[in-house]
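In: What shape does this take:
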Amino acid sequence: MTDITLTAPPPTRDDTNRPPRLEVFLSMGTLGDLPEWTRAPSIKDLSEAELYAALKEAGFSGVQGGNGELLRDAGMWLAGGGRVNQVGEADELCRREKDSGAICGTLHVGWGHEDDDVIDAVVKDILEASARHDLPLYIETHRATVTQDMWRTVKLVERIPEVRFNGDFSHWYTGQEMPYGDFDEKLAFIQPVFERTSFMHGRIGNAQNIQVALGDSVEAALEQPFVQHFCQMWSAIFKHFKQTAQPGEFLAFAPELLSWNIGYGRRFVDPTTGELREECDRYSDALVMADLARKWFAEA
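Out: Sure, this is the predicted structure:
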């Protein structure tokens, strides 16, 4: 690593002086393996440019994982991403994402069994690459990575306060069964992570399932008690962002509701046909989730 003073990656921003705000992106993985009855724009019937235009019309400002040139033509942003396991890998990834037109990138880092000194070296290397290429890189709170549990992630913040995160708190809510015990005490413990969250993946789970159906409206979603827990977590992030962000900066919120084919979306037996059927249209849930985020951001 070069001898660069560590600096925190800034929030994502544009070239305006608009007040700090929430911008809703869509993880393109949400569109994979959708049921035939989905409300989503048809991937097979539209060109990529037409798909982006349809997503923009639906209220999305950008996507994670797409064609930077076509998105720019559509007036949308691109967020990049990838995995970094060792010192030296972040620089090439950051350069590649910058060249693709991404405004930021989110990372899975390590596998979760590394010693603290190894974690620190990799995280510092990521921060250096981010500063060198002027591209914010945010480390995702995710299972099977160095941020797979709350305690270790808070300790990482204590050692390297410049680190910034992409918050996907379903991994902790389910993986560490956050409702089991004093939930408010756990929120207080992870407040340092909330204060350093600059990008968010929208996914809501319950105590035993990492991704569950929300219902067909904000009102239906709010009837589920675990949704209120996510309101508390997301609102803590929104409140801190509003208190600290500068003009032109925005918090990107990207629903990432992934396929049953990789074990995220749940399937149940349809009593009419006897066949397995995904429990919801994940694209429709993404729209509801976006409305939840907008509601909680406005109220934060």
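In: Could you give the backbone dihedrals for C104?
Out: The phi and psi torsions at C104 (degrees, to the nearest 10) take the values phi -170, psi 170.
In: i'd like the first residue to be 51 from this point on
Out: From this message on, residue numbering opens at 51, which makes the last subject C154.
In: Okay, and the beta partners of it?
Out: The bridge-partner assignment for C154, based on DSSP bridges, gives A129.
In: Y188 too?
Out: On the basis of DSSP bridges, Y188 is bridged to T156.
In: what separates it from N67, distance-wise?
Out: For Y188, the distance to N67 (C-beta to C-beta, to the nearest Å) stands at 23 Å. (Each C-beta comes from the backbone N, C-alpha and C, glycine too.)
In: what about these two, which has more around it?
Out: Under the neighbour definition other C-beta atoms under 10 Å, Y188 and N67 were set side by side, and Y188 has more, 27 against 8.
In: Read off the pLDDT value for the more buried one.
Out: We have a pLDDT of 98 for Y188.
In: again, but for M51
Out: 44.
In: ok, so what distance separates Q241 from Q282?
Out: When C-beta to C-beta is applied, the distance between Q241 and Q282 equals 11 Å.
In: actually Q258, not the one I wrote
Out: When distances are taken as C-beta to C-beta, Q258 and Q282 turn out to be 19 Å apart.
In: So between the two, which is more surrounded?
Out: The residue with more neighbours, out of Q258 and Q282 and counting by other C-beta under 10 Å, is Q282; that gives 12 against 9.
In: Which helix or strand contains the more buried one?
Out: Q282 is part of helix 275-294 when elements are defined by DSSP states H and E.
In: cool, W201 as well?
Out: Per DSSP H and E, the secondary structure element for W201 is helix 200-209.
In: So which bits of that helix are buried?
Out: For helix 200-209, the neighbour count (16 or more other C-beta atoms under 10 Å) marks M200, T203, L206, V207 as buried.
In: mind listing the strands for the stretch 101-250 of the chain?
Out: If DSSP state E, counting those that start in this stretch is used as the criterion, the strands of the stretch 101-250 of the chain fall at 112-114, 127-134, 154-159, 187-190, 215-217, 247-252.
In: Next, format the buried residues of helix 200-209 as CSV and append distance to K236.
Out: What follows is the buried residues of helix 200-209, written out as CSV (distance: C-beta to C-beta, whole Å):
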residue, distance to K236
M200, 7
T203, 12
L206, 17
V207, 15
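In: Closest one to S267 out of these, please.
Out: Using C-beta to C-beta, M200 comes nearest to S267 of the buried residues of helix 200-209, at 31.3 Å.
In: So the closest one is in contact with H221, correct?
Out: No - taking C-beta atoms under 8 Å as the definition, M200 is not a contact partner of H221, at 10.1 Å.
In: Contact partners for the closest residue to P61 other than its chain neighbours?
Out: Excluding its sequence neighbours, the residue lying closest to P61 (C-beta to C-beta, 6 or more residues apart in numbering) is E299, at 4.2 Å. Neighbour list for E299: P60, P61, T62, R63, P70 [criterion: C-beta atoms under 8 Å, 6 or more residues apart in numbering].
In: Cool, thanks, signing off.
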